[in-house]
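Colleague: No letters, just coordinates:
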């Protein structure tokens, strides 16, 4: 995802409307607003000229619910059609309309604001919500000593395993949505301090040569066993069998990519 533009568009839109528009389509299906977004269209053009993304911030009443990036804004005589991509939920009840600042005045957008559209400053918390790749962690994994040897143990060779663990803001949010339970088997690991452990898996891997995206539709919450199985492409993914949540829509295109890799590998073997 490119850097976020300094300004954003606030839109009052129902969760169902957003999910229906984004289901099975990237960018989304067009949504019609009964107002000309003349200034919004200019913002999108300016953001593109700078190589930046124009955020769309969605709300239901006073609560901010989702955000996305604008892909198209088409003006008609008395209305506007817009399309978005990378729809991502805000943590429930964390942000309100009054956390936004009106672009023209510098004043907070009132929680009582009743219009469906406004131009606001891109809030600092949106950069925090925007997923940031934190790189690789080196995790030594020594081989356990065998206990079933009758003779003297063989010479030991110390090895270190490197594993890429990605814990983006978006990945952590998905774990919370699923209460750190595996979407395949429902298992969770409870740690001694009472917290829970799960791992985030990008269905279409990030980086070369796969070039998957760090978006909500490309991430699963998994236990370590099923994470390893999918990483090594031991198992295919059946979308209908996954534990799902309304707040986490999985994009079937990424699932198809994973399953296609398994089929191609099996033909090579």
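Modeller: It's in. Bear in mind the structure is a predicted one, so any value in this text is a computation, not a measurement. Numbering: from 1, shown residues only.

Colleague: from here on, contacts and neighbour counts on C-alpha atoms
Modeller: Fine.

Colleague: I'd like to check which residues are in contact with the spatially most central residue of the chain.
Modeller: Taking C-alpha atoms, centre = their mean, the centroid of the chain lies closest to residue 216, which sits 2.7 Å from it. Shown in contact with residue 216 (C-alpha atoms under 8 Å, 6 or more residues apart in numbering): 86-88, 170-171, 174, 248-250.

Colleague: Please apply the same query to residue 14.
Modeller: Contacts for residue 14 (C-alpha under 8 Å, 6+ apart) come out as 59-60.

Colleague: swap in the one 3 residues further on?
Modeller: Residues in contact with residue 17 (C-alpha under 8 Å, 6+ apart): none are found.

Colleague: any idea how far it is from residue 11?
Modeller: 12 Å (C-alpha to C-alpha, to the nearest Å).

Colleague: rewinding a little: the residue nearest to the centre of the chain and residue 264, how far apart?
Modeller: Per C-alpha to C-alpha, residue 216 is found 26 Å from residue 264.

Colleague: swap in residue 192?
Modeller: Between residue 192 and residue 264 the computed distance is 42 Å (C-alpha to C-alpha).

Colleague: Which one of those two is surrounded by more residues?
Modeller: The residue with more neighbours, out of residue 192 and residue 264, is residue 264; 10 against 7, by other C-alpha atoms under 10 Å.

Colleague: if I've got this straight, that one is in a helix?
Modeller: Yes: assignment of residue 264 by DSSP: H, G, I helix; E, B strand; the rest coil places it within a helix.

Colleague: Could you give me the buried positions within the strand ranked longest in the chain?
Modeller: For the chain, the longest strand by residue count, based on DSSP state E, is strand 63-75. Within strand 63-75, the residues scored as buried using 16 or more other C-alpha atoms under 10 Å are 63-73, 75.

Colleague: I'm done for today, thanks for sticking with me.
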